[in-house]
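# My questions concern the predicted model and sequence given below.
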Amino acid sequence: ATVTQYTTTGIVPSTYYIWELTPESAGTFYQGAQEVDIDWADGFTGTASLRVKANNGSCEGTFSTPLQITVNSLPAAYSVTGGGTYCGPSGTGLAVELSNTQTNTNYTLYKDGAATAVVVAGTGNAISFGNQLAAGVYTAKATNQASCASDMTGTASIAVDPQAPE
């Protein structure tokens, strides 16, 4: 779950703040302070509304104008596959693939932890990043239209045999 902090400027002589999240199922938090950490519920996506009112023990203010919060989902994690060893002198590399993808999501191939220039749009099916010539460990990261990013699972290792067969 992702936790996000929200703060109100507060008002003197308030000593307690009452927060309201709609829908209640969007997340959990503890009441009382000028700031609230919302632990967003796993699987919640869409719009939530957050408002606050001040209390000083004997008087209570009115609720603030609601803050509209859009919660977007992370791209699903799929498995990186492929790799192996190929013959360097005449080889054409080896394929690195992803077991599945989501539409409206771009998948970036990484080699040894650094982003490559290879970016493939998700199709809703498995994709290939093409044959890779460079030896290394390949991973992938997905970024959707809401700029939410997540790492894909697994790796594909490529090794190059420098000797031609005799």
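Received the coordinates, thanks. Residues are numbered from 1 along each chain as shown.
# So for residue 160, what's the pLDDT?
pLDDT for residue 160: 94.
# How about the contacts made by it?
By CB atoms under 8 Å, 6 or more residues apart in numbering, residue 160 lies in contact with 85, 86, 88, 91, 133, 135. No exception for glycine: its C-beta is placed from N, CA and C like everyone else's.
# Run through the bridge partners of the closest residue to residue 28 other than its chain neighbours.
What sits nearest to residue 28 in space, not counting adjacent residues and going by CB to CB, 6 or more residues apart in numbering, is residue 39, at 5.0 Å. When assigned by DSSP bridges, residue 39 has beta-bridge partners residue 3, residue 28.
# So residue 39 sits against residue 5, correct?
No: distance between residue 39 and residue 5: 10.7 Å, which falls outside the contact criterion (CB atoms under 8 Å).
# Compare those two (neighbour count), which wins?
residue 39 (13 against 9; other CB atoms under 10 Å).
# Where does the prediction get shaky in this structure?
For the chain, the stretches flagged by pLDDT under 70 are 1, 164-166.
# which stretch of helix or strand covers residue 12?
Of the helices and strands defined by DSSP states H and E, none includes residue 12.
# Roughly how far does it sit from residue 30?
Distance, residue 12 to residue 30, by CB to CB, to the nearest Å: 23 Å.
# before we move on, what about residue 51?
Distance from residue 51 to residue 30, by CB to CB: 16 Å.
# who's more crowded, those two?
residue 51 (16 against 9).
# List the contacts of the residue lying closest to residue 15 once chain neighbours are set aside.
Leaving aside its chain neighbours, residue 15 sits nearest to residue 56 (5.4 Å; criterion: CB to CB, 6+ apart). For residue 56, the contact set (CB under 8 Å, 6+ apart) comprises 13, 14, 15, 16.
# Residue 75 too?
102, 105, 142, 143, 144, 148, 149, 150.
# Could you give the number of residues near residue 163?
Neighbourhood size, residue 163 [other CB under 10 Å]: 8.
# does residue 110 have beta-bridge partners, and which?
When bridges are called by DSSP bridges, residue 110 pairs up with residue 115, residue 139.
# Next up, the contacts around residue 51.
Residue 51 neighbours (CB under 8 Å, 6+ apart): 19, 20, 63, 64, 65, 66, 67.
# quick check, the third one in a strand?
Going back to what we said before, that points to residue 63. No: counting by DSSP: H, G, I helix; E, B strand; the rest coil, residue 63 is not found in a strand; it is coil.
# you'd agree it is up against residue 21?
No: at 12.0 Å, residue 63 and residue 21 do not qualify as touching, with contact defined as CB under 8 Å.
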